[in-house]
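A.B. asks: coords please:
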Amino acid sequence: MNLNRQLINSVLIDWSRIGNDSYLRNIEAISGVERIDFDHAVTFFVGENGSGKSTLLEAIAVAYGFNPEGGTRNYNFSTYDSHSELCGAITLSRGVRRSGWGYFLRAESFYNVATKEEEYSRGPGGVPQHFHEKSHGESFLALVQNSFRPNGLYLLDEPEAALSPQRQLTLLLEIHRLSKQGAQFIIVTHSPILLGLPDAQILSFDGGRIRPCEYTETDSYQVTSMFINNREQLLSRLLED
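C.D. replies: Coordinates of the predicted model:
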């Protein structure tokens with residue numbers, strides 16, 4: 001696939017702009033990485049907790065112009081300033097297309113974004129979404145279904161956190177639909193359902209490096225499959241220990 005078809009083709013990291021004592025240098029998977037290419041409309045970041053997935057996604061989002069806590073590029077607020085210096089070391093190589101829309105969705109700070117959305121929607125032309133009147137999962141899906149548009153850039157950090165398995169399938173359908181209409185997604189996830197999306201690029205952060213992997217290689221698939229197929233035996237062994 002031609003890289004220029006994507007809204008973000010590559011991420012370039014200049015490690016000379018990161019302090020020698022920065023904790024970023026201790027994140028094994030991303031330390032020293034100078035370039036990551038995106039050659040699919042949908043890219044998943046997978047790996048164990050603490051492997052650097054969300055750190056990299058957040059840095060890409062901030063470098064692109066999104067608010068660190070989430071929202072569109074028009075959101076400008078800070079509840080707790082916790083993003084790393086990695087964003088200042090990143091250069092984004094963009095394709096020939098330009099995105100007219102985008103969203104950075106973080107499960108952990110969506111409450112703050114929903115609160116700010118209510119404030120912003122009170123202005124001229126605003127259309128309130130009333131996220132706080134819905135459950136967490138309903139709000140997530142309402143946002144995707146009502147606000148995500150074709151030809152947009154969408155960075156999602158663990159979107160499955162609020163969703164039932166059935167709603168994860170609904171989200172998968174929305175991602176598939178929008179990606180066929182020119183949207184690009186970069187998604188941090190542990191969901192074996194979302195990871196099953198056909199034709200997606202999966203980048204694993206396990207093993208101390210970022211590398212492409214197949215769906216059936218992911219821990220999300222293997223652990224879920226092992227539990228479903230050997231539940232009684234596995235639980236007996238774990239609980240006895």
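A.B. asks: could you point out which element follows the helix or strand of the chain with the lowest mean pLDDT?
C.D. replies: The helix or strand of the chain with the lowest confidence, counting by mean pLDDT, DSSP states H and E, is helix 110-120 at a mean of 54. Beyond helix 110-120 on the C-terminal side, the first helix or strand identified by DSSP states H and E is helix 136-147.
A.B. asks: tell me which strands and helices that following helix is in contact with?
C.D. replies: In terms of contact count using 3 or more CB pairs under 8 Å, 6 or more residues apart in numbering; DSSP states H and E, helix 136-147 is assigned the packing partners strand 101-106, helix 110-120, helix 165-179. All C-beta spots, glycine's among them, are computed from the backbone N, C-alpha and C.
A.B. asks: ok, which stretches of this protein are helices?
C.D. replies: Secondary structure of the chain (DSSP state H): helices at 53-64, 110-120, 136-147, 165-179, 219-229, 231-240.
A.B. asks: out of those helices, which is the most enclosed?
C.D. replies: Each of the helices of the chain was scored by mean neighbour count; the highest is helix 53-64, a mean of 22, by mean count of other CB atoms under 10 Å.
A.B. asks: what angle separates that one from strand 101-106?
C.D. replies: Put simply, helix 53-64 runs at 150 degrees to strand 101-106, going by axes from the mean of the first three to the mean of the last three CA atoms, to 10 degrees.
A.B. asks: dump helix 53-64 to CSV, restricted to CA.
C.D. replies: Output in CSV follows, covering the C-alpha atoms of helix 53-64 (Å, rounded to 0.1, in the frame of the first residue of the first chain):
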residue,chain,number,x,y,z
LYS,A,53,1.8,1.8,23.9
SER,A,54,-0.2,4.6,25.5
THR,A,55,2.9,6.7,26.0
LEU,A,56,3.6,6.6,22.3
LEU,A,57,0.0,7.1,21.3
GLU,A,58,-0.3,10.2,23.6
ALA,A,59,2.9,11.6,22.1
ILE,A,60,1.6,11.2,18.6
ALA,A,61,-1.7,12.8,19.6
VAL,A,62,0.0,15.9,21.1
ALA,A,63,2.4,16.2,18.2
TYR,A,64,-0.6,16.2,15.9
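A.B. asks: how many neighbours does the nearest residue to Phe140 once chain neighbours are set aside have?
C.D. replies: Of all residues not flanking Phe140 in the chain, Ala162 sits nearest, at 5.0 Å (CB to CB, 6 or more residues apart in numbering). The local packing count at Ala162 equals 17, with neighbours defined by other CB atoms under 10 Å.
A.B. asks: now Ala162: how far from Ile186?
C.D. replies: When CB to CB, to the nearest Å is the yardstick, Ala162 and Ile186 sit 19 Å from each other.
A.B. asks: equivalent analysis for Val33, please.
C.D. replies: With distances defined as CB to CB, the gap from Val33 to Ile186 amounts to 15 Å.
A.B. asks: those two: which is more packed in?
C.D. replies: Higher neighbour count among Val33 and Ile186: Ile186, with 27 against 16, using other CB under 10 Å.
A.B. asks: ok now do that one, which residues does it touch?
C.D. replies: Contact partners of Ile186, counting by CB atoms under 8 Å, 6 or more residues apart in numbering, are Ile8, Phe38, Thr43, Phe45, Leu57, Ile60, Tyr154, Leu155, Leu156.
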